[in-house]
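# sequence first, predicted coordinates after that:
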Amino acid sequence: MALYSEKVMDHFRNPRNVGVIEDADGVGEVGNAKCGDIMKMYLKIEDDMIKDVKFETFGCGSAIASSSMATELIKGKPVADAMNLTNEAVAEALDGLPGYKMHCSLLAEQAIHAALDDYKKRNEAK
Amino acid sequence: MIYADNAATTKMSASAIETMTKIVEETWGNPSSLYSVGQRAKEVLEEAREDVAKIIGAEPREIIFTSGGSEADNQAIRSAAEIGRKKGKTHIISTKFEHHAVLHTLERLRKEGFDITLLDVHENGLVVPEEVAAAIRDDTCLVTIMFANNEIGTIQPIRKIGEICRGKGVIFHTDAVQAIAHVPINVKEDNIDMLSASAHKFHGPKGVGFLYVKNGIPLTNLIEGGAQERGKRAGTENVPAIAAMATALKEAFCKMTDNNARLTAARDRIIAGLSEIPHSALNGDSISRLPGNVNFCFEGIEGESLLLLLDDKGIQASSGSACTSGSLDPSHVLLAIGRVHDVAHGSLRLSLGEDITDEEVEYIIKSVREVVEHLRSFSPVWRDLCAGKSEFILP
């Protein structure tokens, strides 16, 4: 029995949506290097839709896979749907995570919410 | 596949497997029985004891067979503590980077009223003998310092420390689990009173090890029951495993000089190759170091990802990252030599096998470089470091 599901390993080995959006409409970063996990999410939003999303992650296999899966789950979706993304949904889409790695999916949820909050704040400022 | 985690465990040698199989099939009697099947097992057991004793320069009666290194550590420390307690001596000296078999036993003793001093191991991962001497008090009953560290492979000045303890009349125990069969050890010349060892670190079976205890030091039982092992470790002896351990130890000891020359060359080539990766650092002294141990920190990446991607490339290694242990803190060994959390998470330990080839050495260097570069390519920590938003910790 492997530590991670095939899906986790797939997203870890071939992470989707890796990178940076230079002119992002919202950026969110959570975690800290002291604990060994940092996730950064970049959002491009048009007409209340997630037009594009990219991530950068410093962390373990499940942190990288969770970031990748979370971006896949919100890409092309309405902002309202992205706001409702939960860590359980991320973990479930990865065919589960070991119990002590569930915090990685939570970080992915928090990173996306942080990026959306940033987007809202920027809009309010306009 | 390149198995580079020999500090975790080793593959049993063909001769150890042969011994074990032979004893299981032919000498299955109980050594405590007086009839011939039992007595043959007794002979095998005592022969193994003689072999093990001879290799470390001890007498056969000074060897107690145990279930492994952890049990030996527990019994050695408990015994010395008991001797101390009877004399009103309740101070123990050890180091910050011992194996948990030692640290957790000491923590238990602390709760029982013992005063524990954990010495610093400095940036190079070496204990300074003078600091041991300075820490010894009138009420010190034990000094326990590992022979070689299990993560960073640093070899301690054991003979000198032993001499200091001898001079002050303090019992000296060393956890030699990583060192035995890799470093020359003679308990008499090295002034060692107690020593722990485990068979599966030198191509013997798992679940067996031994404790050397100098004549005249009374042991406290961890396991009560029958009169096996001079009444100090109850339970029918695991004769096949004990015999296989003796075979493995003899073999490893005979090949030690040749193996060490090859391992040291491979180790130093890998250290030189990995040092070329920017913002990386070797953990622990580069000279007073186990022949097959390489331990690095790479800034901006996390160790578990590194291990998984190396596994994909057929290289099996380990890391001191928190994520590989299931705890929040990275390795206590890396923290003890002053690595901060951020950097300690990005560590890699390669503990080489004796059969490593030059091609494998080059493949390891190339693979680690590729994987580190890949992980850094999408690490926000690395991006900030390169952009000057935060400062590099490793040169």
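Looks like it arrived, so ask away. None of these values were measured; they are calculated from a predicted model.

# got the contact list for stretch B:26-35?
Contact partners of stretch B:26-35, identified using Cβ atoms under 8 Å, 6 or more residues apart in numbering or on different chains, comprise B:36-42, B:44-45, B:226-228, B:236-237, B:239-240, B:243. C-beta: built from backbone N, CA, C; applies to glycine.

# and chain B, which residues reach chain A?
Proximity of chain B to chain A (Cβ under 8 Å from any Cβ of the partner chain) is limited to residues B:300-305, B:308-309, B:312, B:321-324, B:326, B:328, B:330, B:340-342, B:345, B:377-383.

# list the buried residues of stretch B:32-49.
By neighbour count with 16 or more other Cβ atoms under 10 Å in any protein chain shown, stretch B:32-49 contains the buried residues B:G38, B:R40, B:A41, B:K42, B:V44, B:L45, B:A48, B:R49.

# return the members of the residues of chain B next to chain A classed as buried.
Buried subset of these (neighbour count, 16+ other Cβ under 10 Å): B:300-305, B:308-309, B:321-324, B:330, B:341-342, B:345, B:378-383.

# mind naming the longest helix for chain A?
With secondary structure taken from DSSP state H, chain A has its longest helix at helix A:102-125.

# that one packs against which elements?
Helix A:102-125 makes packing contacts with strand A:26-32, strand A:37-46, helix A:61-74, helix A:79-83, helix A:87-93 when contacts are defined by 3 or more Cβ pairs under 8 Å, 6 or more residues apart in numbering or on different chains; DSSP states H and E.

# helices - which of the contacts of stretch B:26-35 land there?
Per DSSP H, the subset of the contacts of stretch B:26-35 in helices is B:S36, B:V37, B:G38, B:Q39, B:R40, B:A41, B:K42, B:V44, B:L45, B:V239, B:P240, B:A243.

# quick check, pLDDT for the second one.
Right, the one you point to is B:V37. With respect to pLDDT, B:V37 scores 94.

# so which bits of the helix or strand harbouring B:A16 are buried?
Assessed by DSSP states H and E, B:A16 sits inside helix B:14-26. Using 16+ other Cβ under 10 Å as the test for burial, helix B:14-26 gives B:A16, B:I17, B:T19, B:M20, B:I23.

# so the third one versus chain A, what's the distance?
Taking Cβ to the nearest Cβ, to the nearest Å as the measure, B:T19 falls 32 Å from chain A.

# identify the residues contacting the closest residue to that residue other than its chain neighbours.
The spatially closest residue to B:T19, leaving aside those adjacent along the chain, is B:T247, at 4.2 Å (Cβ to Cβ, 6 or more residues apart in numbering or on different chains). By Cβ under 8 Å, 6+ apart, the residues touching B:T247 are B:S13, B:S15, B:A16, B:E18, B:T19, B:G204.

# and for B:I164?
Shown in contact with B:I164 (Cβ under 8 Å, 6+ apart): B:P129, B:V132, B:A133, B:I136.

# and the second one, helix, strand or coil?
Translated: B:V132. helix (DSSP: H, G, I helix; E, B strand; the rest coil).

# who touches it in this structure?
B:I93, B:L119, B:V143, B:I145, B:I161, B:I164, B:C165.

# for chain A, see how far away B:D268 is.
Going from B:D268 to chain A by Cβ to the nearest Cβ gives 30 Å.

# need the three-state assignment for that residue.
The three-state label given to B:D268 by three-state DSSP is helix.

# now the contacts of B:T247 as CSV including pLDDT?
Formatted as CSV, the contacts of B:T247 follow (pLDDT from 0 to 100):
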residue, pLDDT
B:S13, 98
B:S15, 98
B:A16, 98
B:E18, 98
B:T19, 98
B:G204, 98
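
# low-confidence regions, chain B specifically.
B:323-328 (pLDDT under 70).

# taking the centroid of it, which residue is nearest it?
Residue closest to the mean C-alpha point of chain B, counted by Cα atoms, centre = their mean, is B:Q178 at 3.1 Å.

# in a markdown table, list the helices and strands packed on helix A:102-125 along with distance to A:Q110.
Shown next, in a markdown table, are the helices and strands packed on helix A:102-125 (distance: least, Cβ to Cβ, whole Å):
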| stretch | distance to A:Q110 |
| --- | --- |
| strand A:26-32 | 5 |
| strand A:37-46 | 8 |
| helix A:61-74 | 10 |
| helix A:79-83 | 12 |
| helix A:87-93 | 8 |
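
# with mean neighbour count added, can I get these in TSV?
Below are the helices and strands packed on helix A:102-125 laid out as TSV (neighbours: other Cβ atoms under 10 Å in any protein chain shown):
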stretch	mean neighbour count
strand A:26-32	19
strand A:37-46	23
helix A:61-74	27
helix A:79-83	15
helix A:87-93	18
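
# any idea how far B:A197 is from B:R166?
Separation of B:R166 from B:A197 (Cβ to Cβ, to the nearest Å): 21 Å.

# higher neighbour count, those two?
Comparing B:R166 with B:A197 by other Cβ atoms under 10 Å in any protein chain shown, the one with more neighbours is B:A197, at 32 against 14.

# so what's that one up against?
Contacts for B:A197 (Cβ under 8 Å, 6+ apart) come out as B:G69, B:A72, B:A176, B:V177, B:I180, B:G209, B:F210, B:L211, B:Y212.

# sec struct for it, please.
Three-state assignment for B:A197 (three-state DSSP): strand.

# quick check: which ranges of chain A have low pLDDT?
A:1.

# quick one: contacts for the nearest residue to B:T9 once chain neighbours are set aside?
Spatial nearest neighbour of B:T9, excluding adjacent residues (Cβ to Cβ, 6+ apart): B:H200 at 5.0 Å. By Cβ under 8 Å, 6+ apart, B:H200 lies in contact with B:T9, B:T10, B:M12, B:G68, B:K206, B:G207, B:V208.

# double-check that B:L211 belongs to a strand.
Yes. Per three-state DSSP, B:L211 lies within a strand segment.

# check contacts around residue 87.
Just going to use chain A. A:N87 is in contact with A:S66, A:M102, A:S105, A:L106, A:A108, A:E109, counting by Cβ under 8 Å, 6+ apart.

# ah, I was thinking of chain B
For B:K87, the contacting residues are B:C141, by Cβ under 8 Å, 6+ apart.

# quick check: phi and psi at it.
Reported as degrees, to the nearest 10, the phi and psi values for B:K87 are phi -100, psi 10.

# residue 122: how many residues sit nearby?
Using chain A here. Residues near A:R122, counting by other Cβ under 10 Å, number 14.

# my question was about chain B
Neighbour count of B:H122, defined by other Cβ under 10 Å: 15.

# could you confirm it falls within a strand?
No. Under three-state DSSP, B:H122 sits outside any strand and is assigned coil.

# thought it was touching B:V128?
Yes. Look at B:H122 against B:V128 with Cβ atoms under 8 Å: they come within range, at 7.0 Å.

# how about the nearest residue to the residue nearest to the centre of chain B, chain neighbours excluded?
B:A148 is the one closest to B:Q178 (Cβ to Cβ, 6+ apart), at 4.5 Å.

# ramachandran angles for that neighbour?
The phi/psi pair for B:A148 (degrees, to the nearest 10) reads phi -140, psi 140.

# tell me the bridge partners for it.
Beta-bridge pairing of B:A148 under DSSP bridges involves B:I155.

# which of the residues of chain B next to chain A fall in helices?
B:303-305, B:308-309, B:312, B:341-342, B:377, B:380-383.

# returning to that earlier point: surely the residue nearest to B:T9 is in a helix?
Yes. Under three-state DSSP, B:H200 falls within a helix.

# what subset of the contacts of B:V132 is buried?
Among these, those classed as buried by 16+ other Cβ under 10 Å are B:I93, B:L119, B:V143, B:I145, B:I161, B:I164, B:C165.

# so how far is stretch B:174-187 from its chain's centroid?
Taking Cα atoms, centre = their mean, to the nearest Å, the mean C-alpha location of stretch B:174-187 is offset from the chain mean by 9 Å.
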